[in-house]
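**Student:** following is a predicted model, sequence given first.
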Amino acid sequence: MREQVLALREAPFPHRAFGVGGAGSGRAIHLDRPLSEAEVAAAELERRVRRRP
């Protein structure tokens, strides 16, 4: 999934993909470090959801 998000960030109009303002809006796209598998599993358990394989 990270590769897909990074690809969207490089798209011609990333603000449309991420729902942030365009040039001059004062908003930027920043990605935090990737979650570990353990962190993802804990979040899935807490929220009672499963991500697609």
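**Tutor:** Received the coordinates, thanks. Residues are numbered from 1 along each chain as shown.
**Student:** can you list contacts of the longest helix anywhere in the chain?
**Tutor:** Using DSSP state H, we find that the single longest helix of the chain is helix 37-47. Identification of contacts with helix 37-47 by C-beta atoms under 8 Å, 6 or more residues apart in numbering yields 35, 50, 51. Where you see a C-beta, it was placed from the backbone N, CA and C, and this is true even at glycine.
**Student:** including secondary structure, could those go into CSV?
**Tutor:** As requested, those are exported to CSV (DSSP: H, G, I helix; E, B strand; the rest coil):
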residue, secondary structure
35, coil
50, coil
51, coil
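**Student:** name the member of those with the most neighbours.
**Tutor:** Tallying neighbours with other C-beta atoms under 10 Å puts residue 35 at the head of the contacts of helix 37-47, with 13 neighbours.
**Student:** contact partners for that one?
**Tutor:** residue 43.
**Student:** for this protein, what helix or strand is lowest in average pLDDT?
**Tutor:** helix 14-18 (a mean of 68; mean pLDDT, DSSP states H and E).
**Student:** how near is residue 41 to residue 13?
**Tutor:** 34 Å (C-beta to C-beta, to the nearest Å).
**Student:** and these two? Which one has more around it.
**Tutor:** Legend: neighbour count by other C-beta under 10 Å for residue 41 and residue 13, higher for residue 41 (13 against 9).
**Student:** what pLDDT does the more buried one get?
**Tutor:** Per-residue pLDDT puts residue 41 at 92.
**Student:** for the one 3 residues further on, same thing?
**Tutor:** The predicted local distance difference test score for residue 44 is 94.
**Student:** run a quick neighbour tally on it.
**Tutor:** Residue 44 has 12 nearby residues by other C-beta under 10 Å.
**Student:** just the one 4 residues further on next, same as before
**Tutor:** As a burial measure, the neighbour count of residue 48 was computed by other C-beta under 10 Å and equals 6.
**Student:** and if you look at residue 10?
**Tutor:** Residue 10: 7 neighbours (other C-beta under 10 Å).
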